[in-house]
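Engineer: I would like to see how this sequence folds:
(chains A and B)
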Amino acid sequence: MNIHEYQAKQILSRNGIKIPKGKIAYTANEARQAAKAVTAKGPWMLKAQIQSGARAVGHFLEKRAGSRGGIRMVENLKDLWTEADAMLGSTLVTKQTGPQGKQVSRLYVEAYTRVGFTFYAGMAIDRVQASVTLLLANTKDDDINTIAESDPGRILRLPLDLVTGPTHAQTGKAAEFLKLQPRSYDSFYLFLRGMFKTFIANDALMIEINPAGVMKNGDIVALDAKITLDDKALYRHPENLRLKDDYETGARELKAAKYGFTYHEFDGSIGCIVNGEGLAMAMSDLIKQRGSNVACWLNVKGGVDRDKIAAGIKIIVTNPRVEGIVINILGGFVRCDLIADGIIDAAAEVGMNIPLVVRFEGTNRDEAENILKRAGLPLTLARNMEDAADEILKAVQEGM
Amino acid sequence: MSILAGKNTKVLVQGMTGTQASFHTKRSLDYGTNIVAGVTPGKGGITHLGLPVFDSVKEAVKETGATASMIFVPAKAVKSAIAEAAEAELELAVCISDNVPIRDMLEIRNILKNGKTRLIGPNTPGLITPGEARLGIFPENIHTPGKIGIVSRSSTLTYEAVLETRRAGLGQSTVIGLGDDMVIGMNFADVLAEFMNDDDTKAIVMIGQLGGNFEELGADWYRSSSVKKPVIGFVAGNSQAFSSTVGYAGDIITRGKITAEDKKKALADAGMTVVEQINRVHDELQKLKL
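Structural biologist: Alright, predicted model coming up:
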């Protein structure tokens, strides 16, 4: 689960990391009040709270939002109100949002903080080493994306001990790497400890502070922050569960989550229902190899039954991109006859009017295929995955 | 012959009295797996499915001589269950449980670092040595004893790979699902090493997928291995980079964004045969004329 910048900053701040003074606002009037509460005199930063990187260099779809990006510096309260009003309700497009962008419903109003040197600080899971690893890079000349792609040698990686966290020795090494002045050392140590504490205490999967800045007095301040939390550990942190922004998730994904499914959308026309992520990927690869693309996939995971498959079909048909559905259910314990009943239930309920291809492998497969044949639904039975991909593309083609 | 577990492996089941665990323990028993005990804290002394239940792994090991464990406990209890298996110095723990917090897995890997217990999973269909032992939830009816070793991160694609060996008229020596969590126990490299040392395994099918760089490490291991049985590789996730992450840190850790295409190249460069579609695996198996 991702959380917003202002939420991430609040958590980091509670763990001893210095952040600029800021307040959240949902309207232009609130933004003005927030600005006054934060600092008597500008400039201020207006920051669109959508869960995406590269907001500053993004653009808004609406003309009324103007040509500037999702992070704006304003000098006086009048401009602040105008800019806030333009940004709120408008749609911000970044490299990470996709072309449809995300609507900005809240702004974080921050006191502008003057810093000299800036750097990237990240903590993430190294899957191979099974450790939390600290990542640091000097971002004075290039942004982290450029460095990561062109010159990864300029990134310092320090695997952290799960029990002790960043040690004094590691902090010293890191400070030297970034060429920090000695007067920043204490603040830098607390900064790294704060990141690690936040990471462990909240079951984070990733924290990025990009950029962190060094203030005139040598203190380190987090100017931006991203935190990804481990969904599987949210039960240990009911306070973090409240940070979930349902708008960011999307209606179909939310509905899928209610049944324990995962759901992803893409820009093709075929809807896939499968029971496994690898199977989902392999299925979309096959469709891609045949010159088409998937609109979405729904992973109904293990333990799929009659009601679950019906619920899955009902979710997927609400996606307007879907022109045909392929159901590929595989496994030894899935009772295919029950799945067939579920398909018939859903088809009757939604008045299925698009092509459907079904591929079963599992217990009672023949019986299931007979059930579907008898039901007289407009569907095709496939023997294997390739066959299923061929059939659904053929059916969609003919339907046009 | 087989790797990691066979007909002589004495198996205990942690969390055996649960509903899912009971169902699968019974199936594994029917399959012929040498299950000797169950462990459920607080239920020691009872008999379940005709097997003695103990309060702790240590007791169960002392009384029955079990060397492997199949773990079916709830996600919250996985960390202590695996720790217990490690403390009892079991040789193998297969963790079927899903939804294990990543931080727990980091701690588990720390615990396992200096011990002798090898972990498969979590979030895996487990391990099956056809005709001998089933430690997990594999559908037993699709498997036949044979010479192909299968190792996969995805559970459903494991079944697909098994069906491919069947299409080629071959059976399996041992089939292992590594589990598809962010942090897992054994890896491609570990399992490949076992298969290379197993006389009855003549070729291996390796199924990878997008995310992390376990496939690359498996390929590196294979390149430097002195024993080289044929490996047929497939990697899912070619069609799109789908990612819900908002940061760069993940890509930095793997030293760059890794696509399925990159993974396939790594496998091919190491000398493995890479198929573009999983349904082509049987063709390549037939070419080997095993």
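Engineer: which ones are touching the residue nearest to B:Ala75 when sequence neighbours are not counted?
Structural biologist: With C-beta to C-beta, 6 or more residues apart in numbering or on different chains as the criterion, B:Ala75 has its nearest non-adjacent residue at 4.1 Å, and that residue is B:Asn99. Where you see a C-beta, it was placed from the backbone N, CA and C, and this is true even at glycine. By C-beta atoms under 8 Å, 6 or more residues apart in numbering or on different chains, the contact set of B:Asn99 is A:232, B:75, B:123.
Engineer: For those, which entry has the maximal number of neighbours?
Structural biologist: B:Asn123 (24 neighbours; other C-beta atoms under 10 Å in any protein chain shown).
Engineer: Tell me the pLDDT of residue 29.
Structural biologist: Answering for chain A, as no chain was given. You'll see A:Asn29 listed with a pLDDT of 97.
Engineer: actually it's chain B I care about, not the one you picked
Structural biologist: Predicted confidence (pLDDT) for B:Leu29: 97.
Engineer: before we move on, the earlier item: secondary structure for the contacts of B:Asn99 - can I get that in JSON lines?
Structural biologist: Output for the contacts of B:Asn99, formatted as JSON lines (DSSP: H, G, I helix; E, B strand; the rest coil):
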{"residue": "A:Lys232", "secondary structure": "helix"}
{"residue": "B:Ala75", "secondary structure": "helix"}
{"residue": "B:Asn123", "secondary structure": "coil"}
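Engineer: Out of these, which is nearest to A:Glu265?
Structural biologist: A:Lys232 (22.7 Å; C-beta to C-beta).
Engineer: Which stretches in the stretch 1-150 of chain A count as strands?
Structural biologist: A:22-25, A:44-48, A:59-60, A:71-74, A:91-93, A:102-103, A:107-111, A:118-126, A:131-138 (DSSP state E, counting those that start in this stretch).
Engineer: Out of these, which is closest to A:Lys314?
Structural biologist: Nearest of those (C-beta to C-beta): strand A:102-103, 26.0 Å.
Engineer: Quick check: the gap between the residue of the stretch 51-200 of chain B with the smallest separation from chain A and A:Val300.
Structural biologist: Using C-beta to the nearest C-beta, B:Pro139 is the residue of the stretch 51-200 of chain B that sits closest to chain A, at 1.5 Å. From B:Pro139 over to A:Val300 the distance is 17 Å, taken as C-beta to C-beta, to the nearest Å.
Engineer: And the two? Which one has more around it.
Structural biologist: A:Val300 (27 against 20).
Engineer: can I assume the more buried one is in contact with A:Lys308?
Structural biologist: Yes. Using C-beta atoms under 8 Å as the test, A:Val300 is close enough to A:Lys308 to be in contact (5.7 Å).
Engineer: any residues in contact with both of those two?
Structural biologist: Joint contacts of A:Val300 and A:Lys308 (C-beta under 8 Å, 6+ apart) are A:259, A:261.
Engineer: TSV for the strands of the stretch 1-150 of chain A, including mean pLDDT, mean neighbour count and distance to chain B?
Structural biologist: Output for the strands of the stretch 1-150 of chain A, formatted as TSV (pLDDT from 0 to 100; neighbours: other C-beta atoms under 10 Å in any protein chain shown; distance: least, C-beta to the nearest C-beta, whole Å):
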stretch	mean pLDDT	mean neighbour count	distance to chain B
strand A:22-25	97	21	19
strand A:44-48	97	26	14
strand A:59-60	96	18	18
strand A:71-74	96	19	15
strand A:91-93	95	20	13
strand A:102-103	92	18	11
strand A:107-111	97	24	16
strand A:118-126	95	24	4
strand A:131-138	95	22	5
